[in-house]
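>>> I'd like to go over a predicted model; first the sequence, then the structure.
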Amino acid sequence: MGVASPHGEQDVERYGRLLDEAQAIKGVSLAKDAWRRLRRNRVAMISLWFLVLLSLVTFLTPLLPLQAPKQVDTIRAFSPPTWSTAGSIDANQVDAHFGAQNAFNSLLLQGRLLLFDDWALPSLCGTDELGRDLLSRLFWGARIALVVGIVATLVSLVIGVTYGAVSGYLGGAVDNLMMRIVDVLYSIPFIFVVIFLITILSEKSIKARLSDYGIDRITIFFFVVGAIYWLTMARVVRGQVISLKNEQFIEAARTIGAGRARIIFRHLVPNVSSVVIVYLTLTIPRVMLFEAFLSFLGLGVQPPDVSWGLLANAGFKVITPVKIYWWLIVFPGLALGTTLFALNFLGDGLRDALDPKLKNW
Amino acid sequence: MVYFLLKRLGWMAATLWVVFTLSFLLMRSVPGGPLDQERVLEPHIRANLEARYHLDEPLWQQYLRELSNTARFDLGYSYKMGDFTVNEIIGQGLPVSASLGILAMFFALSLGLTAGIVSAVRRHSWLDFSLMSLATIGIALPNFVVAGMTIILFAFVWPLFPAAGWGRWIDVVLPAFCLGAPYAAYIARLVRSGMLDVLGQDYIRTAYAKGLLPRDVILRHAIKGAMLPVASFMGPAVAGILTGSLVVEQIFYVPGLGIHFVEAALQRDYTLAMGLVMIYTVLLYTMNTVVDISYSFFDPRVKLE
């Protein structure tokens, strides 16, 4: 200090240049990097756009010019798919034909009546045994399928991440005990236990008592499914947390006096998010498949609600040795198949994009 | 080896006990119970029925009785099919389900292995591409959709097989195929990537260098290394085939355990449902143990703990 250096001004210039250079380099965050790699994966991108479109359409289903999903018209029973005759809805019987709706849906329905009046798309996918329009039922069923898939996965996410992170961070005897519990739960054939559980919970008096608390079958379903699918998530998160907990940033957090809960949820959990996201996208299709599976067996969503599994089951019920109503099997199957397909591809793509080991390949 | 088996047996007992206790407590915490029907029973009849199913005893006594009965493989009478014991129903259904499951496994292994090996040997060809696309479709589609498509194709459009039934060998083909198809797809993908790993290794080059025919190199040397991921997949696959059979048996009207299980669940036949849950747990556990043992067979480096 104080001593004037002959190179002083040059130094300032040099440091200034370096600073400019450093500022010109843009840091690539993990998310940005992953997004860049995901965009190069064409199949994953098509799947992503398909899913975005699907969620949008299912969100706005009441606004679309579809026929009413619950409008029984036995004269039209089992009519094959048609392009020509446009359908119609009865504006006076909206409540009966669409079922009771919440405020948001009723608003959309009114918008639909304003926009399209009573005109509706022809039965592009044919009609079922009561003459109800299959296309419209597929759309309304998609809402349940997506909601179940997402909510149940979130439940499993919350349980799995918490359990795994706590077990991994605490370590020692607690970790050992918690993981032995997971081991025992793993070897229980859960689907059978779940069916058993749902059977018991749908007993009339229990059902009545539960519905007093505002819990219906779908809510039970969310929790039951969430309660199964957390096991793998817990294991994965635990593994990650164990490898992270001795890193310096955790040490640093501990030094400045952060408590256990704070370290786990503010410092460790955000760092396992990429693994969690990958597992999330792979769990959603499995949960949706499970819902379809249970509904197919008659243990999931109950009529008059619709779900894709239920629709497929209805298609199988009317197979006779002489006649098969192919559209009742093909279209629900196609809807479920394409969605699961897209989710699987997106999950694979995300795994490739977020896995640092595959970086720059 | 003996120690390993004993340890596994111990864990199985623990798992079964957990399943039993959970199911038992859930069952008994339901108010009413299996005897409540639309028709209200006469008090005497009700008392007799309760005595038969020991529902009149205190809870802990029931629990101990049921536990010791179950430990002696006596699962009691079915609540809804009162003339049959649960053991009899299982005795009738298990052979049917088992033959269906074994055949499905056979389908899955033979189709999956062939497709996987062909794909790996002819990698990046159109054959590889189409086989692997088919495998992805097979994994994504739920088996009742596959079942629907095959029924439409092979029972109606091109009537080769019956759409439903049981008893003739031809009845088994479609259900076994539908049950095995997703697992064939998984196995094909596993075998392909396993083969690709193995084919790049030194001992394969040695095998080629000493002048073996390509067929011998692949079938004798490469395939054993590629089976390892398949072996570890067999545990989940068996579990999946067991569950899948719930749906497939219902679609094809196969009188196996699966159809009983669904019926028991829908009818709230607690004893039957509980018995079947226990049977499925045992099956699953046994198969997982077999898989672990086969692991050490395929890879001598793996030691059984």
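It's in.
>>> Centre-most residue in the chain?
The chain I'm using is chain A. residue A:150 (2.9 Å; CA atoms, centre = their mean).
>>> try chain B instead
Geometric centre of chain B, nearest residue: residue B:242, 2.3 Å, by CA atoms, centre = their mean.
>>> Hmm, that one is touching residue B:284, no?
Yes. With contact defined as CB atoms under 8 Å, residue B:242 reaches residue B:284; the gap is 6.6 Å. The C-beta positions use only the backbone N, C-alpha and C, and glycine is treated the same way.
>>> which residues touch the residue nearest to the centre of chain B?
Residues near residue B:242 by CB atoms under 8 Å, 6 or more residues apart in numbering or on different chains: A:189, B:101, B:280, B:283, B:284.
>>> In terms of helices and strands, where is the third one?
Secondary structure here is read from DSSP states H and E; on that basis residue B:280 sits in helix B:270-298.
>>> cool, the second one as well?
For residue B:101, the element it lies in under DSSP H and E is helix B:86-121.
>>> avg pLDDT for that helix?
Average pLDDT, helix B:86-121: 87.
>>> Show me what that helix is packed up against.
Packing partners of helix B:86-121 (3 or more CB pairs under 8 Å, 6 or more residues apart in numbering or on different chains; DSSP states H and E): helix B:126-140, helix B:169-199, helix B:223-251, helix B:257-267, helix B:270-298.
>>> Kindly present those as a markdown table, with separate columns for mean pLDDT.
Shown next, in a markdown table, are the helices and strands packed on helix B:86-121 (pLDDT from 0 to 100):
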| stretch | mean pLDDT |
| --- | --- |
| helix B:126-140 | 84 |
| helix B:169-199 | 86 |
| helix B:223-251 | 78 |
| helix B:257-267 | 78 |
| helix B:270-298 | 78 |
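>>> now the ones you listed in JSON lines, with distance to residue A:126?
Formatted as JSON lines, the helices and strands packed on helix B:86-121 follow (distance: least, CB to CB, whole Å):
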{"stretch": "helix B:126-140", "distance to residue A:126": "24"}
{"stretch": "helix B:169-199", "distance to residue A:126": "24"}
{"stretch": "helix B:223-251", "distance to residue A:126": "20"}
{"stretch": "helix B:257-267", "distance to residue A:126": "28"}
{"stretch": "helix B:270-298", "distance to residue A:126": "37"}
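>>> Of these, which is nearest residue B:110?
helix B:169-199 (8.2 Å; CB to CB).
>>> Is the closest one positioned near chain A?
No. Among the residues of helix B:169-199, none lie within reach of chain A under CB under 8 Å from any CB of the partner chain; the closest is 10.3 Å away.
>>> what does whichever helix or strand comes after that helix rub up against?
As assigned by DSSP H and E, the chain's next helix or strand after helix B:169-199 is helix B:202-209. When contacts are defined by CB under 8 Å, 6+ apart, helix B:202-209 is touched by residues B:198, B:214, B:216, B:217, B:220, B:221, B:222.
>>> so where's the stretch 201-350 of chain A uncertain?
Residues of the stretch 201-350 of chain A meeting the criterion pLDDT under 70: A:202-207, A:210, A:214-217, A:320-322.
>>> Which parts of it are helices?
Applying DSSP state H, counting those that start in this stretch to the stretch 201-350 of chain A gives helices spanning A:204-212, A:217-244, A:248-255, A:260-262, A:273-297, A:308-317, A:326-354.
>>> Which other helices and strands does the fourth one contact?
To tie it back to what came earlier, the one meant is helix A:260-262. Helix A:260-262 packs on no helix or strand, going by 3+ CB pairs under 8 Å, 6+ apart.
>>> as a whole number, average confidence for the helix or strand harbouring residue A:16?
Residue A:16 is located in helix A:8-24, with elements delineated by DSSP H and E. What helix A:8-24 shows for mean pLDDT is 82.
>>> how about that helix as CSV, C-alpha atoms only?
Extracted in CSV, the C-alpha atoms of helix A:8-24 (Å, rounded to 0.1, in the frame of the first residue of the first chain):
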residue,chain,number,x,y,z
GLY,A,8,-0.3,-0.4,-11.2
GLU,A,9,-2.3,0.8,-14.0
GLN,A,10,-1.6,-2.2,-16.2
ASP,A,11,-2.7,-4.4,-13.3
VAL,A,12,-5.9,-2.6,-12.9
GLU,A,13,-6.5,-3.0,-16.6
ARG,A,14,-5.6,-6.7,-16.6
TYR,A,15,-7.9,-7.4,-13.6
GLY,A,16,-10.6,-5.4,-15.2
ARG,A,17,-10.3,-7.6,-18.3
LEU,A,18,-10.4,-10.7,-16.3
LEU,A,19,-13.5,-9.5,-14.5
ASP,A,20,-15.2,-8.8,-17.7
GLU,A,21,-14.3,-12.2,-19.1
ALA,A,22,-15.6,-13.9,-15.9
GLN,A,23,-18.8,-12.0,-16.1
ALA,A,24,-19.2,-12.9,-19.8
